[in-house]
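Undergrad: Predicted coordinates and the sequence they were generated for:
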Amino acid sequence: MKKVLTYGTYDLLHFGHINLLQRAKDLGDYLIVGLSTDEFNKGKNKKAYHSFENRKMILESIRYVDEVIPENTWDQKIKDVIENDIDIFVMGDDWEGKFDFLKEFCEVIYLPRTVGISTSKIKNDLTLVK
């Protein structure tokens with residue numbers, strides 16, 4: 001069985017997220033999503049609308065996702081890859097090169113982002129609505 005791992009906050013879920021998850025799942029048999037915890041997001045100065053538990057529940061309901069694990073720190077990725085016997089690590093290409101250190105442990109693939117959508121764009125568009 002080929003296992004794939006990706007990470008993210010997955011707040012304000014949109015078709016770009018689904019597209020990434022589907023393409024990640026297509027690379028293997030079992031997709032694990034490392035989901036940023038509320039505490040980790042706070043440390044990154046990133047505010048999520050939905051709580052970790054709600055984001056986890058949403059992700060677990062997506063057919064491409066087989067398992068959701070908490071992302072508590074930047075440094076846990078090597079441990080997660082080894083402990084979960086990961087074959088492929090996947091991130092969006094906006095992270096290109098940032099996780100190449102994992103190539104010692106698994107294949108690393110950066111997938112192109114879905115054009116025309118992002119959580120930042122949604123948040124920005126919503127602030128324009130009055």
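TA: Cool, got the structure. Computed from a prediction, not measured in an experiment: that's the story for all the values here.

Undergrad: Quick check: which helices or strands does the longest helix along the chain pack against?
TA: Of all segments of type helix in the chain, defined using DSSP state H, the longest is helix 15-26. For helix 15-26, the packing partners by 3 or more Cβ pairs under 8 Å, 6 or more residues apart in numbering; DSSP states H and E come out as strand 3-8, strand 30-36, strand 88-92, strand 107-111. Where C-beta positions appear, they are placed from N, C-alpha and C, glycine not excepted.

Undergrad: Look up how far Asp11 lies from the spatially closest residue to Thr9 that is not a sequence neighbour.
TA: In space, and not counting its chain neighbours, Thr9 is closest to Ser36: 4.5 Å by Cβ to Cβ, 6 or more residues apart in numbering. Distance of Ser36 to Asp11, given as Cβ to Cβ, to the nearest Å: 9 Å.

Undergrad: Mutual contacts of those two, please.
TA: Ala48 (Cβ atoms under 8 Å, 6 or more residues apart in numbering).

Undergrad: ok, now which ones touch Leu35?
TA: Counting by Cβ under 8 Å, 6+ apart, Leu35 has contacts 7-10, 52, 55-56, 59, 68-71.

Undergrad: Please name the bridge partners of Glu67.
TA: Glu67 has these beta-bridge partners by DSSP bridges: Ile32.

Undergrad: So what's the residue count around it?
TA: 14 (other Cβ atoms under 10 Å).

Undergrad: closest to Gly43 among the contacts of Leu35?
TA: Glu71 (11.1 Å; Cβ to Cβ).

Undergrad: Wait, that closest one touches Asp38, no?
TA: No. In this structure, Glu71 is not within contact of Asp38 by Cβ atoms under 8 Å, at 11.0 Å.

Undergrad: So between the two, which is more surrounded?
TA: Legend: neighbour count by other Cβ under 10 Å for Glu71 and Asp38, higher for Glu71 (20 against 17).

Undergrad: quick one: buried residues of the lowest-mean-pLDDT helix or strand in the chain?
TA: The weakest-scoring helix or strand in the chain, judged by mean pLDDT, DSSP states H and E, is helix 119-128 (a mean of 70). For helix 119-128, burial by neighbour count (16 or more other Cβ atoms under 10 Å) applies to Thr119.
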